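K.L.:
Please find the sequence and the predicted model below.
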Amino acid sequence: MEKNIIVGLDVGTTKVCTIVGVTSPNSELEIIGIGTHPSHGLKKGSVVNIDKTVRSIQNSIEEAKLMAGVNFSTATIGVAGSHVYSFNSSGVVAIKNGEITQEDVDRVLEAAKAVVIPSDREILHVIPQEFKVDNTVGIKNPVGMCGVRLEVHVHMVTGSISLIQNLVKCVEETGIQAEHITLQPIASSRSVLSAEEREMGVILVDIGGGTTDVAIWKEGSLLHSQIIPVGGNHFTNDLAVALKIAHAEAERIKINHGSVLAESLNQNSHITVQGISGTKPREVKLSYVADVLGARAEELFSLLKETIHDKNLQNEITGGIVLTGGGALIKGLPELGEYIIERPTKVGYPAPFGGMTNIMQNPKYSTVLGLLLESASRKKQTNINKSFNSSREADLIGRLGESLRSVFKEIF
Ligand SMILES: Nc1ncnc2c1ncn2[C@@H]1O[C@H](COP(=O)(O)OP(=O)(O)OP(=O)(O)O)[C@@H](O)[C@H]1O
Ligand SMILES: [Mg+2]
């Protein structure tokens with residue numbers, strides 16, 4: 001039986017992670033390999049050093065290949081970074097023959113894309129939220145319906161094309177073709193959120209190292225996405241500055257002793273920190289560490305709260321807030337989020353599937369697992385529709401277009 005090898009590749013600010021999975025026509029997706037390597041060439045989600053990035057990607061891919069015992073040459077990759085900007089738009093067309101065809105749907109999506117965007121930006125995704133046929137609203141798939149007027153509301157994601165090309169270039173330099181490119185919070189949503197949550201209205205908040213990626217869902221559609229240039233590294237930097245310690249020591253303290261709720265700690269607890277070289281170890285109050293981390297968390301949650309107000313989504317988020325990404329693991333974050341945003345808040349772990357080990361059951365793997373799932377569902381579609389020809393020459397926009405089509409198919 002023919003087996004398909006699929007690969008998700010997440011080039012993050014702190015780590016590059018490759019996951020290899022296998023699918024066959026009658027069986028579920030199963031993970032057979034994983035490779036993780038520290039990342040040094042990115043800042044706030046964008047590539048700043050090509051050589052270092054290529055090396056990290058190479059190492060992570062080699063590790064994954066070794067573990068999986070198979071070779072591969074394509075991967076689904078994620079994009080984020082503070083250059084990504086998204087907004088909602090709409091389009092309307094007249095229906096040609098009284099009954100809506102796929103062609104009409106394509107035309108109305110084209111019409112929704114016809115908005116002015118700055119010349120250095122390109123459209124990454126155009127994700128339909130709902131269609132309206134004449135006066136009937138809330139239609140997910142209008143093909144086959146009768147009417148005279150077809151309208152669509154879409155969520156558009158744009159990004160700096162040169163920054164995306166840099167990422168693709170790094171991946172391709174390792175001999176891997178970046179066959180699909182997906183917005184990272186969409187990938188994380190796929191692995192972490194249930195269909196029910198997306199239906200009820202939920203905010204996915206992926207707190208990575210360099211950025212926090214947000215995706216807001218309601219009635220199964222993506223209402224809003226946003227990349228906030230604040231991530232786990234900012235928490236670590238704040239600690240390093242406040243305690244006058246090295247970055248690595250600050251990271252150790254954040255992970256082992258960090259909390260964002262000073263009130264919940266014993267006011268007399270202390271920890272020993274290693275000062276910068278040449279200075280003696282010192283005692284620091286744990287509640288002080290929590291004050292520093294708490295201030296940054298408050299900033300992050302306040303930004304989220306502002307977004308909810310700006311976008312008028314106060315009444316949409318009945319499913320609450322789901323925090324994921326490695327940065328979500330700081331103690332007390334869900335409690336503080338719930339207090340500030342006044343919505344139920346929890347840490348979201350990737351949903352388990354075949355071959356997933358305990359190690360992968362960690363919020364920092366939400367994105368890469370989502371990319372793998374994305375790749376798997378795409379493979380299924382390609383198998384159904386063999387006419388799809390993933391020509392090596394297909395330009396970046398073409399590939400992004402393909403990616404948006406699959407999101408479209410997945411949502412409806
Ligand atoms: N147990 C933990 N407690 C607190 N923070 C943690 C823990 N484990 C990881 N982190 C933090 O998570 C962050 C990395 O998260 P993640 O691996 O999701 O980021 P990334 O994908 O590399 O970055 P980005 O998505 O921003 O490009 C780091 O700042 C790290 O300090
Ligand atoms: Mg990430």
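P.N.:
Received, thanks. Ligands and ions are numbered 1, 2, ... in the order given.

K.L.:
From Val108, how far out is the residue lying closest to Gly98 once chain neighbours are set aside?
P.N.:
Among residues not flanking Gly98 along the chain, Cys146 sits closest, at 5.7 Å (C-beta to C-beta, 6 or more residues apart in numbering). For the C-beta atoms, the positions are set from N, CA and C on the backbone; glycine is no exception. As judged by C-beta to C-beta, to the nearest Å, Cys146 and Val108 stand 15 Å apart.

K.L.:
Among the two, which residue is more densely surrounded?
P.N.:
Remark: of Cys146 and Val108, Val108 carries more neighbours, 26 against 12, as counted by other C-beta atoms under 10 Å.

K.L.:
In contact with Ala94, which residues are there?
P.N.:
Each residue near Ala94 by C-beta atoms under 8 Å, 6 or more residues apart in numbering is listed here: Val148, Arg149, Leu150.

K.L.:
Filter the residues you listed down to the buried ones.
P.N.:
For the contacts of Ala94, a neighbour count by 16 or more other C-beta atoms under 10 Å gives the buried set as Leu150.

K.L.:
Strands - which of the contacts of Ala94 land there?
P.N.:
Members of these lying in strands (criterion: DSSP state E): Arg149, Leu150.

K.L.:
Which single one of the contacts of Ala94 is nearest to ligand 2?
P.N.:
Checking the contacts of Ala94 against ligand 2 with C-beta to the ion, the nearest one is Leu150 at 37.2 Å.

K.L.:
neighbours around the residue of the chain found nearest ligand 2, how many?
P.N.:
Taking C-beta to the ion, ligand 2 has its nearest neighbour within the chain at Gly208, 3.5 Å off. Neighbours of Gly208 under the rule other C-beta under 10 Å: 31.

K.L.:
With the one 10 residues further on instead?
P.N.:
Summarising burial for Lys218: neighbours were counted as other C-beta under 10 Å, giving 21.

K.L.:
for Tyr371, helix, strand, or coil?
P.N.:
Just to correct that, residue 371 is Leu rather than Tyr. Recorded secondary structure, Leu371: helix (DSSP: H, G, I helix; E, B strand; the rest coil).

K.L.:
pLDDT wise, what is it at?
P.N.:
For Leu371, the pLDDT comes out at 96.

K.L.:
Then Glu316?
P.N.:
Listed pLDDT for Glu316 reads 88.

K.L.:
Show me the shaky parts of the protein.
P.N.:
Low-confidence segments of the chain, defined by pLDDT under 70, span residues 1-2, 383-412.

K.L.:
can you list the residues of it near ligand 1?
P.N.:
When proximity is defined by C-beta under 6 Å from any ligand atom, the chain lies next to ligand 1 at 12-15, 45, 208-211, 231-233, 236, 251, 254-255, 258, 325-327, 329-330, 364.

K.L.:
now the helices for the protein?
P.N.:
Taking DSSP state H, the helices of the chain run over residues 50-68, 102-113, 161-173, 184-192, 195-200, 232-243, 247-257, 286-310, 333-341, 366-384, 396-411.

K.L.:
and among the ones you listed, the most buried is which?
P.N.:
Most buried of those, by mean neighbour count (mean count of other C-beta atoms under 10 Å): helix 184-192, with a mean of 29.

K.L.:
close to ligand 2, is that helix?
P.N.:
No. Helix 184-192 is not in contact with ligand 2 by C-beta under 5 Å from the ion; minimum separation 5.9 Å.

K.L.:
Show me the domain layout of the chain.
P.N.:
85-158, 232-290 (automatic domain parsing).

K.L.:
Please produce TSV containing those domains, extended by distance to ligand 2.
P.N.:
TSV is the format used below for those (distance: least, C-beta to the ion, whole Å):
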stretch	distance to ligand 2
domain 85-158	16
domain 232-290	10
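
K.L.:
Can I get the ones you listed in CSV including distance to Ala64?
P.N.:
Below are those laid out as CSV (distance: least, C-beta to C-beta, whole Å):
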stretch, distance to Ala64
domain 85-158, 26
domain 232-290, 23
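
K.L.:
Indicate which one of the ones you listed is closest to Val79.
P.N.:
Closest to Val79 of these is domain 85-158 (C-beta to C-beta; 7.1 Å).

K.L.:
ok, and for stretch 219-228, which residues are buried?
P.N.:
Buried residues in stretch 219-228 (16+ other C-beta under 10 Å): Gly220, Ser221, Leu222, Leu223, His224, Ser225, Gln226, Ile227, Ile228.
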